[in-house]
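> Whatever this is, show me its structure:
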Amino acid sequence: MKTIRLSIIASIACMLLCAISRYESFAQGCSDAGFCTIGNLRLQQRDSLSEGQKITLLLPVGVGDEGVFVFTPAIQYENQLSGRWAAQVKLTANYANGNLGNALGLGDLLLSGTRSFRREEKWTSSVTFGTKVPLNLGNLKEDGKSLPMQYQSSLGTIDFIAGFSLSNASWQFSTGWQQPVSGINRNNFLPIYWNSTEADKYPPSNDFNRKGDVLLRAAYMSNIKRSLSINFGLLAIYHIAEDTYIDASVSNNPIAIKGSQGLTLNATAAGFWKISNRINMGFSVGVPFVVRDVRPDGLTRSFVFAPEIRWNL
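Modelled structure (predicted):
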């Protein structure tokens, strides 16, 4: 069993290292619209179902299209209300800096509830339902001109989120669905408005209408020692239809963005340290090795590194 465990860890670690060594060749990335870190869809820790209240500070950094640096801090509150019910509230912000300028703004408010079911032969299942509420409409500007979605702190839509997870002491299998329900956002970016070769490299997103995603996650959890655990896995996100935008000089009807539908497959890893009974520290990292042709939503990342610190109240 120990040999099998080490083989699994080594194989996934090798995929991560290979992807990292090649990340500059990828045009797309491993970030998502919010649901891979909500409720039971996130990478789980061994004590993630322990009762009590927790506050977590998350500090993810990444690199997006055209080398845009993205910093997305968040604060998260969790309350394990009982052995069956848990609630989570998350508030995000975003800072982006790139060749078209920089932007800073509040991101989203994510709310979710998770219902766990009885254990069946050491396996626990749970369902999560939640929503993502934008704190801006996805139209931050530089010198009065709308920036592309790569710089925006929110997608600007209200989303519905649902997920199912099955886990035991070592494995986690999850599936989820995220669907925008409020229609187009207020972004007005068209490259022609900028009249620059740099802007021409970004996908148009005027009156951007983003379609939904489905998620599949498989992860392996292991304790190195009582105070240290690691987590390796694969995360697949399938964008179920082509996104659209409007360019009045071409048509007043929505224009499909070819290549925006499809699969992104990522290798993920995480480590968690129990500093004391009240404080835990950790990190997660994700790197893509299967990508969509176009990511007009601005969620492109060649890699993401997310340190965190959690306080048990």
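
> number of nearby residues for the closest residue to Q178 other than its chain neighbours?
Nearest residue to Q178, sequence neighbours excluded (C-beta to C-beta, 6 or more residues apart in numbering): F35, at 4.2 Å. For every residue, glycine as well, the C-beta is placed using N, CA and C. For F35, the count of nearby residues is 27 (other C-beta atoms under 10 Å).

> Quick check, pLDDT for F35.
Among the per-residue scores, F35 holds a pLDDT of 85.

> Low-confidence regions, this structure specifically.
Residues of the chain that meet the criterion pLDDT under 70 lie in 1-32, 46-51, 120.

> shouldn't A219 be in contact with L166?
No - look at A219 against L166 with C-beta atoms under 8 Å: they stay out of range, at 11.4 Å.

> quick one, which of those two is more surrounded?
Between A219 and L166, counting by other C-beta under 10 Å, A219 is the more crowded of the two (22 against 16).

> Give the buried residues for the longest strand anywhere in the chain.
Secondary structure assigned by DSSP state E gives strand 101-116 as the longest strand of the chain. The neighbour-count criterion (16 or more other C-beta atoms under 10 Å) identifies 103, 105, 107-108, 110-112, 114, 116 as the buried residues of strand 101-116.

> okay if I get those residues as a markdown table plus distance to F305?
Rendered in a markdown table, the data for these read as follows (distance: C-beta to C-beta, whole Å):
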| residue | distance to F305 |
| --- | --- |
| A103 | 21 |
| G105 | 22 |
| G107 | 18 |
| D108 | 20 |
| L110 | 20 |
| L111 | 26 |
| S112 | 24 |
| T114 | 26 |
| S116 | 30 |
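
> wait, which of those residues is closest to L155?
For L155, the nearest member of the buried residues of strand 101-116 is D108. The distance, counting by C-beta to C-beta, is 7.8 Å.

> picking up where we left off before, which neighbours does the longest strand of the chain have in its sheet, and in what orientation?
Strand 101-116 has the following sheet partners, assigned by DSSP bridges: strand 85-98 (antiparallel), strand 124-134 (antiparallel).

> possible to save those strands as CSV with distance to F69 and mean neighbour count?
Compiled in CSV, these are given as follows (distance: least, C-beta to C-beta, whole Å; neighbours: other C-beta atoms under 10 Å):
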stretch, distance to F69, mean neighbour count
strand 85-98, 5, 19
strand 124-134, 22, 19
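
> Nearest to Y238, out of these?
Once C-beta to C-beta is applied to the strands paired with strand 101-116, the stretch that comes out nearest is strand 124-134, at 18.2 Å.

> what's the following helix or strand after that closest one?
Beyond strand 124-134 on the C-terminal side, the first helix or strand identified by DSSP states H and E is strand 141-142.

> Can you spell out which helices and strands pack onto whichever helix or strand comes after that next one?
Scanning the chain past strand 141-142 towards its C-terminal end, the next helix or strand to appear is strand 145-146 (assignment: DSSP H and E). If you count contacts as 3 or more C-beta pairs under 8 Å, 6 or more residues apart in numbering; DSSP states H and E, strand 145-146 packs onto no helix or strand.

> Strand 124-134 and the helix or strand just after strand 145-146, what's the angle between them?
Following the chain from strand 145-146 toward its C-terminal end, the next helix or strand by DSSP H and E is strand 159-167. Direction vectors for strand 159-167 and strand 124-134, defined by axes from the mean of the first three to the mean of the last three C-alpha atoms, to 10 degrees, enclose an angle of 160 degrees.

> Buried ones in strand 159-167, by neighbour count?
Neighbour count says strand 159-167 has 159-163, 165-167 buried, by 16+ other C-beta under 10 Å.

> ok, then the element right after that strand?
Sequence-wise, the next helix or strand beyond strand 159-167 is strand 171-180, with elements assigned using DSSP H and E.

> hey, C-alpha coordinates of that following strand in CSV?
Taking C-alpha atoms only, strand 171-180 is exported to CSV below (Å, rounded to 0.1, in the frame of the first residue of the first chain):
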residue,chain,number,x,y,z
TRP,A,171,-9.4,10.1,-2.0
GLN,A,172,-11.7,12.9,-3.2
PHE,A,173,-13.9,12.8,-6.3
SER,A,174,-16.0,15.9,-7.1
THR,A,175,-18.2,17.2,-9.9
GLY,A,176,-19.8,20.6,-10.2
TRP,A,177,-21.7,23.0,-12.4
GLN,A,178,-21.5,26.8,-12.6
GLN,A,179,-24.0,28.7,-14.6
PRO,A,180,-24.3,32.5,-15.1
